[in-house]
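Trainee: this one's structure only:
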């Protein structure tokens, strides 16, 4: 199993550009989520999904869109990048929403918006 | 709302020293509590967890006990190694998968 994979590892965008951060998992996990990590703030939940076709907002959803067409993939879209979106982005998955399952994290995407 | 507070870092220790990283939480109900570790350039890995009051999670020499009366989940290790240098995150899960993280504590262990 590759676990949770993310691409790209690094990305530089100009203000106003759009891009999609890719996330995939091969563990057949129902639950997937996106977090952003900022210095001194820990990780904050952006969006999550409890299964294909079902998504919902987390703590900091503004400026980001998601969709979940398959169990494996959960892309995060930035429609018009802003400097405030400079951060490290982590995708995570777990078997289901209920229970005390471990969340498995990807290696992260470091995004800089200039 | 739910929140997690960790002690500020960075924490610098000599090899074989005793480690404590404080973590307190605010939550309704009975959340599950976790410690995650992030090694340089990597994603987060689960270090240990506890799902109810008085549970003790342990892994790789690290321990933490779920204390409901003090709303705490402090991380301890009796003798740290250089390889333990990393950022440690305390987190809670009170709403079916939505993790609430503390701000992280950077640990640096010198030989």
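Mentor: Perfect, I can see it now. Just so it is clear, the model here is predicted, and its values are computed rather than measured.
Trainee: which one is the spatially most central residue of chain A nearest to, not counting chain neighbours?
Mentor: Centroid-nearest residue in chain A: residue A:34, 2.8 Å away (criterion: C-alpha atoms, centre = their mean). Spatial nearest neighbour of residue A:34, chain neighbours left out: residue A:46 (4.3 Å); criterion: C-beta to C-beta, 6 or more residues apart in numbering or on different chains. (Glycine included, C-beta is placed from N, CA and C.)
Trainee: Give me the mean pLDDT for the helix or strand containing that neighbour.
Mentor: Element membership for residue A:46 (DSSP states H and E) is strand A:42-51. Taken as a whole, strand A:42-51 has an average pLDDT of 94.
Trainee: Is the following helix or strand past it in proximity to chain B?
Mentor: Toward the C-terminal end, the helix or strand that comes next after strand A:42-51 (DSSP H and E) is strand A:54-57. No: contact of strand A:54-57 with chain B (C-beta under 8 Å from any C-beta of the partner chain) is absent, the minimum separation being 9.4 Å.
Trainee: by contact count, what packs against the helix or strand following strand A:54-57?
Mentor: Downstream of strand A:54-57, the first helix or strand assigned by DSSP H and E is strand A:64-66. On a contact count with 3 or more C-beta pairs under 8 Å, 6 or more residues apart in numbering or on different chains; DSSP states H and E, strand A:64-66 meets strand A:42-51, strand A:76-78.
Trainee: So which elements touch the first one?
Mentor: Pointing back at strand A:42-51 there. strand A:31-38, strand A:54-57, strand A:64-66, strand B:99-101.
Trainee: For residue A:93, find the nearest of those strands.
Mentor: strand A:31-38 (4.7 Å; C-beta to C-beta).
Trainee: which residues are contacting that closest one?
Mentor: Contacting residues not belonging to strand A:31-38 are listed as A:21, A:23, A:25, A:43-51, A:58, A:60, A:64, A:66, A:68, A:74, A:76, A:87-97, A:101, A:103, A:108, B:97-99, B:101 [C-beta atoms under 8 Å, 6 or more residues apart in numbering or on different chains].
Trainee: redo that, cut-off 7 Å
Mentor: Strand A:31-38 is contacted by residues A:23, A:25, A:43-50, A:60, A:66, A:74, A:76, A:87-94, A:96-97, B:97 when judged by C-beta atoms under 7 Å, 6 or more residues apart in numbering or on different chains.
Trainee: Would you confirm that residue A:48 contacts residue A:59?
Mentor: No: with contact defined as C-beta atoms under 7 Å, residue A:48 does not count as touching residue A:59 (10.2 Å).
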